[in-house]
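>>> Sequence first, then the predicted structure, then my questions.
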There are 2 protein chains.
Amino acid sequence: MREPTMADIAARLGVSRQLVSIALRGLPGASSETRERVQKVAEELGYRPHLAARSLRQTKSRHIGVAFAPASAAEADLVEAIYPAAAEQGYQLVLSARTGTRSIRQAVDELLGYRCAAVIVIGSGLPDAKLRELADRVTVPMIALGASQRSPAFDVVRSAGDVGIALAVDHLVGLGHRRIAYVHCGAMPVAGIRMRGYIRAASAADFEADVVSVPGPDYAEESGAAAGRILLGRDELPTAVVTGNDQQAVGLLQVLSRAGIAVPGRVSLTGFGDGWAARLSSVDLTTARQDPEKMGTAAIQAAIRRIDQPALPPSVFVVEPWLVVRGSTGRPPGG
Amino acid sequence: MREPTMADIAARLGVSRQLVSIALRGLPGASSETRERVQKVAEELGYRPHLAARSLRQTKSRHIGVAFAPASAAEADLVEAIYPAAAEQGYQLVLSARTGTRSIRQAVDELLGYRCAAVIVIGSGLPDAKLRELADRVTVPMIALGASQRSPAFDVVRSAGDVGIALAVDHLVGLGHRRIAYVHCGAMPVAGIRMRGYIRAASAADFEADVVSVPGPDYAEESGAAAGRILLGRDELPTAVVTGNDQQAVGLLQVLSRAGIAVPGRVSLTGFGDGWAARLSSVDLTTARQDPEKMGTAAIQAAIRRIDQPALPPSVFVVEPWLVVRGSTGRPPGG
DNA sequence: TTGTAAGCGTTATCAA
DNA sequence: TTGATAACGCTTACAA
């Protein structure tokens, strides 16, 4: 009842283990007739390569580790996108989860235990200091997918939050809006980038920036609701509100709806990310879509580039989001 | 620039590799003084155990494989829950994703390549025939987390969908409802179980069962919306609608709201699963909560039980859900 | 308490 | 085109 090994195949055919290895991997050095016989017997025996043995022996690792939080829909989207990109380059992925009971450090340690050639750390919520600390422990190339700052210790792939927000602002300006507020929630590193996009877009479109700052928890529904309450307390509402995140927009939408403010009739609303919340038909949010496919491909490319050329200066690859226009934006009242 | 190995630690201390192994794993057979010195040097050198080497050598695997779809929030919840359960039993998890470009079979094959002692396949959406086909290939114990049918080929851990639905019905009956419809969406294996829960609860509470059948895609918003349109086309609305899934309930809620039907004022509404959709404050759905922690623990226990006793008859472990009462249910109009 | 020898299943190198 | 031999880093069994 042992799992069959290459030795079993070799014994059955009366050839050497090595030849079986060569035949199975399609390397030059085995006749096509041998190759066929080997494959047939492998099939019959139900042979499966022992991945641990392979990676123990192989000179260079063909594995790329990915540390992610399964609880985050956005990170799961990225994991999905990384798979085909890695496969195309001949790399296998090793997944390691960061959960409520398992720190990012534990997750990354496991990946290093598997001797991955590089490690991709997903998480725009991770503070830059934490990432640097991680990079100190990591002895292989590390890619921070979603980090906000460049760093000498790792490569960065992120989406252009400022561009996404600017797209939303420009869309609203195009519809005729001039009083466009922005909801800012400060603690997350990426939040600053997005806010700067708003400030710049406001200045470019020549309207007065109006930033509503709310406390965390970052980018959760509740912070959007808090922003809604602040706005409702004012003498006059803006005609549009740009938020840095879909869930925040949902919380804001909820507060506005309860107060009888029509969206987009009285106030237009935009989000960021195009996650499940935005697509919900009851929300139907105009939002800047991150491009998981491009980000996944870029992360794999960055990893491989650095595996091949470890001395390269650290890179930052910025993926451009685009605007998905849905039902939460329209002309300003009387516009 | 090689990664340090046990041999490096041993050389540095002038002891044997094996002693280092014993010391680092905390096995009896090393003096506490040696243990300390070994750990100190390991730390200094930045030693990390080579997981592939370890699992290659080890007699019995200490790994349990988990195949899951990152895109599914429910499956991600289960993955999160499995981690602590596995750690408690001294097992490491190996994750393998099923994605748009990667079949469940590929995912499971990889897990077998790592010689996992058992494989947990998450997915209530997988047809039973597919699971049986998988089980034929899998040479180690397999646990189907969320499967609807028992099978001689694998153990099953699932939540009691019928009980969850019955809880929702009983809650509504307790509020005074007598005209309670159920939205059924047929193709998914678990859907039948949930509907039976409704039928039984209706018969127990002695009201007439009223099943609204809609086409797929299974348990998506759209199927709930379709049910909503059917209900609105009737002469009279029921006072409550029970659905088999949160997202379906959201789609239905949306259609009702657009039609000016107050929830729960005119119609009460319940879901199943307690996923992100139910918790959204704009939805605030009364729903039967699956218990990911219990399911994760049960899956690990089932796996270990069968690793230790492979000849055991196949088991089905059913985890009871409970009702989370939120704002979508209330007394019937005039009740 | 420590050391010796062997081997896990594969790939790498070199010689036939 | 094939085969012999060593090695990857670790654990296991047993002897000192």
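That came through, no problem. Numbers count the residues shown, from 1 in each chain, chains lettered A, B, ... in the order given.

>>> and A:Leu134, what element?
Element membership for A:Leu134, per DSSP states H and E: helix A:128-137.

>>> Work out the gap between that helix and the centre of the chain.
Centroid displacement of helix A:128-137 relative to its chain, using C-alpha atoms, centre = their mean, to the nearest Å, is 18 Å.

>>> Report the buried residues of it.
Using 16 or more other C-beta atoms under 10 Å in any protein chain shown as the test for burial, helix A:128-137 gives A:130-132, A:134-135. Bear in mind the C-beta positions are built from the backbone N, C-alpha and C, glycine included.

>>> swap in stretch A:224-241?
Buried-residue list, stretch A:224-241, by 16+ other C-beta under 10 Å: A:224-228, A:231, A:237-241.

>>> what residue ranges in chain A score low on pLDDT?
Chain A contains residues with pLDDT under 70 at A:1.

>>> which residues of chain A fall in helices?
Here chain A has its helices, by DSSP state H, at A:6-13, A:17-25, A:32-45, A:51-57, A:73-88, A:104-113, A:128-137, A:161-175, A:189-205, A:221-232, A:246-258, A:276-279, A:292-308.

>>> which one of those helices lies closest to A:Glu320?
helix A:161-175 (5.7 Å; C-beta to C-beta).

>>> Buried residues, the closest one. List them.
A:161-169, A:171-173, A:175.

>>> Okay, angle between it and helix A:189-205 too, please.
Angle of helix A:161-175 versus helix A:189-205, following axes from the mean of the first three to the mean of the last three C-alpha atoms, to 10 degrees, is 40 degrees.

>>> Nearest to DNA strand C: which residue in the stretch 151-300 of chain A?
A:Ile300 (21.1 Å; C-beta to the nearest atom of the strand).

>>> What count of nearby residues applies to the residue nearest to A:Asp210 when sequence neighbours are not counted?
In this structure, A:Asp210 finds its nearest non-sequential neighbour in A:Ala181, 4.4 Å apart by C-beta to C-beta, 6 or more residues apart in numbering or on different chains. Counted with other C-beta atoms under 10 Å in any protein chain shown, the neighbours of A:Ala181 add up to 22.

>>> Check whether A:Ala181 really touches A:Val211, as I assumed.
Yes. Counting by C-beta atoms under 8 Å, A:Ala181 does reach A:Val211; the two are 7.5 Å apart.

>>> who's in contact with the closest residue to A:Lys130 other than its chain neighbours?
What sits nearest to A:Lys130 in space, not counting adjacent residues and going by C-beta to C-beta, 6+ apart, is A:Ile104, at 7.1 Å. Residues in contact with A:Ile104 (C-beta atoms under 8 Å, 6 or more residues apart in numbering or on different chains) are A:67, A:98, A:121, A:123, A:126, A:130, A:134.

>>> Please tell me how far the most centrally placed residue in chain A sits from A:His184.
Nearest residue to the geometric centre of chain A (C-alpha atoms, centre = their mean): A:Leu78, 4.2 Å. Note on A:Leu78: its distance to A:His184, by C-beta to C-beta, to the nearest Å, is 24 Å.

>>> Am I right that A:Ser21 is in contact with A:Met6?
Yes. Using C-beta under 8 Å, A:Ser21 is in contact with A:Met6, at 5.9 Å.

>>> about what we covered before: strands - which of the contacts of A:Ile104 land there?
Among the contacts of A:Ile104, the members falling in strands (DSSP state E) are A:67, A:121.

>>> between the contacts of A:Ile104, which is closest to A:Pro332?
Taking the contacts of A:Ile104 together and measuring to A:Pro332 by C-beta to C-beta, the closest member is A:Gly123, at 37.2 Å.

>>> for the closest residue to the closest one other than its chain neighbours, phi and psi?
Nearest residue to A:Gly123 in three dimensions, chain neighbours excluded: A:Gly146, at 5.7 Å (C-beta to C-beta, 6+ apart). Torsion angles at A:Gly146 (phi, psi; degrees, to the nearest 10) stand at phi 110, psi 0.

>>> Pull up the gap between A:Gly146 and B:Ser61, please.
As judged by C-beta to C-beta, A:Gly146 and B:Ser61 stand 34 Å apart.

>>> go on, A:His184?
Taking C-beta to C-beta, one finds A:His184 at 50 Å from B:Ser61.

>>> With A:Ile22 instead?
28 Å.

>>> In contact with whatever residue of the stretch 201-335 of chain A ends up closest to DNA strand D, which residues are there?
Among the residues of the stretch 201-335 of chain A, A:Ile307 lies closest to DNA strand D, at 17.2 Å counting by C-beta to the nearest atom of the strand. A:Ile307 sits next to A:117-118, A:140-141 when contact means C-beta under 8 Å, 6+ apart.

>>> and the gap between it and chain B?
Computed as C-beta to the nearest C-beta, to the nearest Å, the A:Ile307 to chain B distance reads 14 Å.

>>> just A:Val173 next, same as before
With C-beta to the nearest C-beta as the criterion, A:Val173 and chain B are 28 Å apart.

>>> which residue packs closest to that residue, ignoring adjacent ones?
Closest residue to A:Val173 apart from its sequence neighbours, by C-beta to C-beta, 6+ apart: A:Ala205 at 4.6 Å.

>>> Pull the contacting residues for that neighbour.
Counting by C-beta under 8 Å, 6+ apart, the residues that A:Ala205 touches are A:169-170, A:173.
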